[in-house]
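Participant: what follows is a predicted protein model with its sequence.
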Amino acid sequence: MKTNILSTMLLGAAVPVVTGEAAEFIPLSSPEGSTSATSLSADGSTVLGQVATSSGSQLFRWTADGGFTSVPLFNPGEGFSPNLSATSISGDGSIVIGYAFTGTRTEGVRWSPDAGFSLLGALPAAETGEQYSLGLDISADGNAAAASGTSPLTPFTTALYWNGTGGLIPLGFLPEDQPDEFSVSFSFAQAVSSDGQVVVGSSASTKHLERGDQAFRWNAIDGMTGLGFLPGENQSTATAVSADGSVVVGVSGLSAFRWTAENGLENIGNFFPTGVSADGNVVVGVAQADVAVATIWTSEAGAQALQSVLEAKLGAPLGWQSLSGVVALSDDGSKLAGNGLNADGVSQAFVADLSSDDIVVVSTGAISYWGAVNFLLEDPDGRNFGTDPITGEVLNEIPGLETSVENGTTTAGWSDILSGKHLVQLNGTCDSTYSLSFDFFHLDEQTSGADFSGRLLKGGVHIYGGTVSEESATGAVYKLIYAESDGDKVPDDKDAVLYSDMRPTIWVCRVNTGVCNKVLANGTTLNDVMNALDAKATSGTDLRFLAEKQAMEWERAGIFTKEERMKFQKAVTNNCR
């Protein structure tokens, strides 16, 4: 299968991705408040999470096509409280499992848009006490679940298995953890395989003073089987299981493990696993150093910080302060959901796609500028972005175009560039130098671009053209096509003075005469002429003589009126000595 390339827009810039290393990073932002992800469907299409609103936490499901849709917090008919905790989502994202307080007890809850809410029930405890159950993980088809809660086997928590036909079934304990009159036992279920046949978790007993919990794997045929411990450790917990139940991941001591029947427990790094791919070759989770770090392990590369992996694939920084954890992984190992701190330090959920196949190649454009200029971009379809120099109107007609500002440089970036000429008009807002850069990424996976710099006075105009093809970088042309640098309305190639003195009135002997400055046909202003005479004169008296003579010539040529000439001569006589 051909490996495609994705150009990703980051901070308004066009970032080409290195061949074969495609990735996509999607922040899940909501205007309601900060977001957090809880689970991801096995097909990678749907994220389960919650958003913090002004009125409290609201559960959501998110898809790329549909965006955010809310999950009800309670069912008035059943009396659920508004603090429903959703923990897992089915393979296609249609069914949610969790638990809620029903008014009398905490109980596992299953919800779908079509069927609404249903309860998983709760088993009686071995001794009189409050009954409860917690729905913790759901199978791909939504008809089986891992749960924990009370059971007749012990007064303490027991691992449970639920399915749509048999209801809740207590899974008991490892053989060496069976309770007796001198000890108590407890077990916890953490995850169920996508096919609904295997449950994993941990089992413990107070009879074992030398060790803590031990990870287990359960199925209906073999019952509960202990997975042991990593060398030198005395505790283990299974936290996730592959689609067919053949690969189990978890933590033993401070290290992550990966278990198979062939190899037993293998140490795969110092992190807490939260998800595993269907083939068991990708594991995700959280590493705990000074701060929490989202982590990904592969059989080829070992354990790595997810942020580093993504930034290497994208070829640019994510723009987030940190990725703090991954909560789930799709069965194919390409998509994951997690949480972190965005550029503003706000908690936010994200989705990342690490796949390198079947990704659409996208052309992108980015134009950056620096300096005291107004910027106007016109694309080949005549759509504009920037400030209209005539009306001052701010235009934003190019779909998907975003801007960013860093160290005084503004970048306008957009995807799906059009073939043809892109015109950039820069208008000077004061006397200033500027820089301008074109950067285009084409469908042939090549880049083209150019860098320019110049100087503009207030009112000056430089127009650049970037003629490109969306399909290929070949033949791209970038050039300055019109320059009028000083605002005198005379193009630079016909202007006798490139940077004219454009002050609105004529100055002589460092005094404002109050007479209007004018532009001559060759682009010279009356101030330019006075500046030249000033440089030529040997004294103030000499300048007065030259200036008065020039004023009489301007009157004869119709450049000055008689009144303007007399006002000018008076200023010269009074100030040029």
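Facilitator: Noted; the coordinates are in hand. Since the model is a prediction, treat every value here as computed from it, not as a measurement.

Participant: the stretch 351-500 of the chain: strands as residue ranges?
Facilitator: 364-371, 373-378, 384-387, 394-396, 402-406, 409-415, 420-428, 432-441, 447-456, 461-468, 477-484 (DSSP state E, counting those that start in this stretch).

Participant: and the last one, what does it pack onto?
Facilitator: Other elements packing on strand 477-484 under the criterion 3 or more C-beta pairs under 8 Å, 6 or more residues apart in numbering; DSSP states H and E are strand 447-456, strand 461-468. Where you see a C-beta, it was placed from the backbone N, CA and C, and this is true even at glycine.

Participant: neighbouring contacts of it?
Facilitator: For strand 477-484, contacts defined as C-beta atoms under 8 Å, 6 or more residues apart in numbering pick out 423, 438, 448-450, 452, 454, 460-468, 490-493, 495.

Participant: try 10 Å
Facilitator: Strand 477-484 has contacts (C-beta atoms under 10 Å, 6 or more residues apart in numbering) with 421-425, 428, 436-438, 440, 448-452, 454, 456-457, 459-468, 490-495, 498, 523.

Participant: can you pull out the low-pLDDT segments for the stretch 1-150 of the chain?
Facilitator: Flagging of the stretch 1-150 of the chain using pLDDT under 70 yields the residue ranges 1-22, 74-82, 128.

Participant: er, the chain I mean
Facilitator: Using pLDDT under 70, the chain drops low at 1-22, 74-82, 128, 356-361.

Participant: let's see that with 80 instead.
Facilitator: 1-23, 54-56, 73-84, 103, 127-129, 289-290, 315-316, 355-362, 445, 577 (pLDDT under 80).

Participant: most centrally placed residue in it?
Facilitator: residue 27 (4.4 Å; C-alpha atoms, centre = their mean).

Participant: and the closest residue in space to residue 28 that isn't next to it in sequence, what are its bridge partners?
Facilitator: Nearest-residue entry for residue 28: residue 349, 4.1 Å, with adjacent residues in sequence omitted and distances by C-beta to C-beta, 6 or more residues apart in numbering. Bridge pairing for residue 349 (DSSP bridges) gives the partners residue 28, residue 339.

Participant: do residue 53 as well
Facilitator: On the basis of DSSP bridges, residue 53 takes part in beta bridges with residue 56.

Participant: residues touching it, list them.
Facilitator: 30, 31, 32, 33, 34.

Participant: PyMOL command for the buried members of those?
Facilitator: Buried members of the contacts of residue 53, defined by 16 or more other C-beta atoms under 10 Å, are picked up in PyMOL with:
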select buried, resi 30+33+34
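
Participant: give me the three-state assignment for residue 530.
Facilitator: Of the three states, residue 530 takes helix under DSSP: H, G, I helix; E, B strand; the rest coil.

Participant: one step back: so how far is residue 468 from the nearest residue to the residue nearest to the centre of the chain once chain neighbours are set aside?
Facilitator: Excluding the flanking residues, the one nearest residue 27 by C-beta to C-beta, 6+ apart is residue 350, at 5.3 Å. Using C-beta to C-beta, to the nearest Å, residue 350 is found at 32 Å from residue 468.

Participant: what's the answer for residue 451, then?
Facilitator: Separation of residue 451 from residue 468 (C-beta to C-beta) stands at 16 Å.

Participant: neighbour count winner among the two?
Facilitator: Applying other C-beta atoms under 10 Å to residue 451 and residue 468 shows that residue 468 carries more neighbours, namely 27 against 11.

Participant: isn't the more buried one up against residue 443?
Facilitator: No. In this structure residue 468 lies outside contact range of residue 443 using C-beta atoms under 10 Å: 11.2 Å.

Participant: tell me the residues that contact both of the two, please.
Facilitator: 363, 417.

Participant: ranges for the helices of the stretch 1-150 of the chain?
Facilitator: With DSSP state H, counting those that start in this stretch, there are no helices along the stretch 1-150 of the chain.

Participant: where do the strands sit along it?
Facilitator: According to DSSP E, counting those that start in this stretch, the strands that the stretch 1-150 of the chain contains are 8-10, 13-15, 24-28, 35-40, 46-53, 56-63, 67-71, 85-89, 96-101, 106-112, 116-121, 133-138, 144-151.

Participant: wait, which of the ones you listed is closest to residue 508?
Facilitator: Closest to residue 508 of the strands of the stretch 1-150 of the chain is strand 13-15 (C-beta to C-beta; 49.9 Å).

Participant: so after the longest helix seen in the chain, what's the next helix or strand?
Facilitator: For the chain, the longest helix by residue count, based on DSSP state H, is helix 540-556. Counting by DSSP states H and E, the next helix or strand C-terminal to helix 540-556 is helix 562-575.

Participant: quick one: that following helix to helix 540-556, angle?
Facilitator: Here the directions of helix 562-575 and helix 540-556 differ by 180 degrees (axes from the mean of the first three to the mean of the last three C-alpha atoms, to 10 degrees).

Participant: what's helix 562-575 in contact with?
Facilitator: Helix 562-575 has contacts (C-beta under 10 Å, 6+ apart) with 506-516, 518, 526, 530, 540, 543-548, 550-556, 559-561.
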